[in-house]
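Peer 1: sequence plus predicted model, see below.
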Amino acid sequence: MAIVLPRGIIKNYTDERIRRYIMEHAIVIGAVGLGGNVFKPFTNTKTIVIFLQKRFVPLEENQSYELGQDYKKMVFCVTEQSGKDKTGKIITDENNKVVSDFDDIVKFFKDNTSFYTKDEYMKMLEKEENNDGANDN
């Protein structure tokens, strides 16, 4: 799944509850930073698209948010050519094709990301529980 959020949600102290909810219920697969021109002329807010895999079992209070993050690699990209100018007008080349790097970003994501199967995820949870039990002794 993917969600589009204002970049501030990712870094503002007051939005920690949103970040915490996302991490408890999903594994971050990657993110794409979008420039301020992407949604112009309607808004110039810089946004980010976060790609997630829903956790098969939400994290419990004592489990680390990093659970699942170390097994699969995360991909981060930033668009440099949004296909729009500062006024929100679409930029095209001589062949009337929109000038953007979105196609390159999509290809990079497809080539460099993967998702857990339910079996992989459940084995990882089991391993985590076994490691916690070993550390209690």
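Peer 2: Noted; the coordinates are in hand. Numbers count the residues shown, from 1 in each chain.
Peer 1: contacts, neighbours, all on C-alpha from now
Peer 2: Noted.
Peer 1: quick check: residue 24 touching residue 58?
Peer 2: Yes. Between residue 24 and residue 58 there is a contact under CA atoms under 8 Å: 5.6 Å.
Peer 1: can you pull the phi/psi pair for the residue positioned nearest the centre of the chain?
Peer 2: Nearest residue to the geometric centre of the chain (CA atoms, centre = their mean): residue 50, 2.6 Å. When quoted as degrees, to the nearest 10, the phi and psi of residue 50 stand at phi -110, psi 130.
Peer 1: dump the residue contacts of the residue lying closest to residue 79 once chain neighbours are set aside.
Peer 2: Closest residue in space to residue 79, ignoring its immediate chain neighbours: residue 34 at 5.6 Å, by CA to CA, 6 or more residues apart in numbering. Taking CA atoms under 8 Å, 6 or more residues apart in numbering, we find residue 34 in contact with 46, 47, 48, 49, 78, 79, 82.
Peer 1: go ahead and confirm the second one touches residue 9.
Peer 2: Right, residue 47. No. Residue 47 lies out of contact with residue 9 (CA under 8 Å); the separation is 9.2 Å.
Peer 1: of these two, give the one with the bigger neighbour count.
Peer 2: residue 47 (21 against 16; other CA atoms under 10 Å).
Peer 1: residues contacting residue 26?
Peer 2: 52, 53, 54, 55, 58.
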